[in-house]
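A.B. asks: Got a predicted structure here, sequence first:
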Amino acid sequence: MSEVTAHSGLLHTVKVHVEDSGGTGRPVVLIHGWPLSGEAWSEQIGALQAAGYRTVAYDRRGFGRSDKPRSGYDYDTLSDDLAALLEELDLRDVTLVGFSMGGGEVARYVARHGEDRLRSVVFASAVPPYMAQTDDNPDGPLDDATAEQMESGLKEDRDAFFEQFTTQFYSVGDELAVSEEQRRQAVVLCQQSDQKAALGCMEAFGTTDFREDLPKVTVPTLVIHGDGDGVVPLEGSGARTHAAVPQSELVVLEGAPHGCNVSHATQFNEALIRFLAR
């Protein structure tokens, strides 16, 4: 465990909590989804370490055990936090694995900081290319009514919202695809989020356009997505990211919900480790 300085300025310094396995293996940096923390990668970390990789999982600013500043919940700042982490730990030949909201950090990191430190990237159940449904993005999977409902739900009753959201997160249709204990563990991680951070990041992943970022990704790329994802649907996100990144490989997990890294951990890990081994 360690703390990495993601931002150091005159007004405030932001430190993010990092779980780094260390060792000489090739580094895999795990970027969690909203509104969880690095602990959401528990089903992957052991498998990756057993396969010989150095795992680095961190809590995004405002979430988990990281500092919770009042600002900085836009993707430019969040990708700069990621860049600061890679620099402070001096990580090279890195694979970035971005889950859900974390896929936006992967795309924006490449656009802002380039690929010098990267070997490959993974978009897992990820929000790019552009969630918002607009006139010039009719295939965006997030319409105004749903976005407003999510925001009002989080503002009015956090506890009830997280209960509902984690159920949808791990369900295909009306059927929960994980154990109730696993869902409850996710609720605990949600509760660790700062409210300002949760609302700011909700706006960020719902309204940020990554369509100009994705063509800048030239390293080997894996897109992995469940075809039962009701939070970030495959057709409006993963399939479009695959089309936008010519050298990408698409792996569709049949019958998997948004939280496919938990519900279908074995298949997810096999696809990820197979990709890393290339």
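C.D. replies: In hand now; what should we look at?
A.B. asks: Next one: the residue nearest the centre of the chain relative to residue 121, how far apart?
C.D. replies: With distances taken as CA atoms, centre = their mean, the residue of the chain nearest its centroid is residue 102 (2.3 Å). Distance, residue 102 to residue 121, using CB to CB, to the nearest Å: 11 Å. Every C-beta, even on glycine, is put in place using the N, C-alpha and C of the backbone.
A.B. asks: Equivalent analysis for residue 14, please.
C.D. replies: In terms of CB to CB, residue 14 sits 24 Å off from residue 121.
A.B. asks: Comparing those two, which residue is more hemmed in?
C.D. replies: residue 121 (27 against 21; other CB atoms under 10 Å).
A.B. asks: Helix or strand: which one has that one?
C.D. replies: For residue 121, the element it lies in under DSSP states H and E is strand 118-124.
A.B. asks: Pull that strand out as CSV, backbone CA atoms only.
C.D. replies: C-alpha atoms of strand 118-124 as CSV (Å, rounded to 0.1, in the frame of the first residue of the first chain):
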residue,chain,number,x,y,z
LEU,A,118,2.3,2.0,-22.8
ARG,A,119,2.4,-1.5,-24.2
SER,A,120,-1.3,-2.0,-24.6
VAL,A,121,-4.7,-0.9,-23.3
VAL,A,122,-8.0,-2.6,-22.4
PHE,A,123,-11.5,-1.1,-22.4
ALA,A,124,-13.7,-3.2,-20.1
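A.B. asks: helix or strand right after that strand?
C.D. replies: Using DSSP H and E, the first helix or strand after strand 118-124 is helix 144-156.
A.B. asks: Now that following helix: buried residues?
C.D. replies: Burial within helix 144-156, assessed by neighbour count using 16 or more other CB atoms under 10 Å, is assigned to 147, 150, 154.
A.B. asks: can I get the residues you listed in a markdown table with pLDDT and distance to residue 272?
C.D. replies: Formatted as a markdown table, the buried residues of helix 144-156 follow (pLDDT from 0 to 100; distance: CB to CB, whole Å):
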| residue | pLDDT | distance to residue 272 |
| --- | --- | --- |
| 147 | 97 | 30 |
| 150 | 98 | 29 |
| 154 | 98 | 30 |
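A.B. asks: Next, format those as JSON lines and append distance to residue 28.
C.D. replies: Shown next, in JSON lines, are the buried residues of helix 144-156 (distance: CB to CB, whole Å):
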{"residue": "147", "distance to residue 28": "32"}
{"residue": "150", "distance to residue 28": "30"}
{"residue": "154", "distance to residue 28": "31"}
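A.B. asks: ok, those vs residue 271, which is closest?
C.D. replies: residue 150 (29.2 Å; CB to CB).
A.B. asks: Residue 228: helix or strand, and which one exactly?
C.D. replies: Going by DSSP H and E, residue 228 is not part of any helix or strand.
A.B. asks: Tell me who's in contact with the closest residue in space to it that isn't next to it in sequence.
C.D. replies: Of all residues beyond its chain neighbours, the one nearest residue 228 is residue 172 (3.5 Å), with distances taken as CB to CB, 6 or more residues apart in numbering. Contact partners of residue 172, counting by CB atoms under 8 Å, 6 or more residues apart in numbering, are 226, 228, 230, 255, 256, 257.
A.B. asks: The residue nearest to the centre of the chain contacts residue 36, doesn't it?
C.D. replies: No: contact status for residue 102 versus residue 36: not in contact, 9.6 Å apart, counting by CB atoms under 8 Å.
A.B. asks: in this structure, which segments are predicted with low confidence?
C.D. replies: 1, 9-11 (pLDDT under 70).
A.B. asks: the strands in the stretch 51-200 of the chain, which residues?
C.D. replies: According to DSSP state E, counting those that start in this stretch, the stretch 51-200 of the chain carries its strands in the segments 54-58, 94-99, 118-124, 171-172, 175-176.
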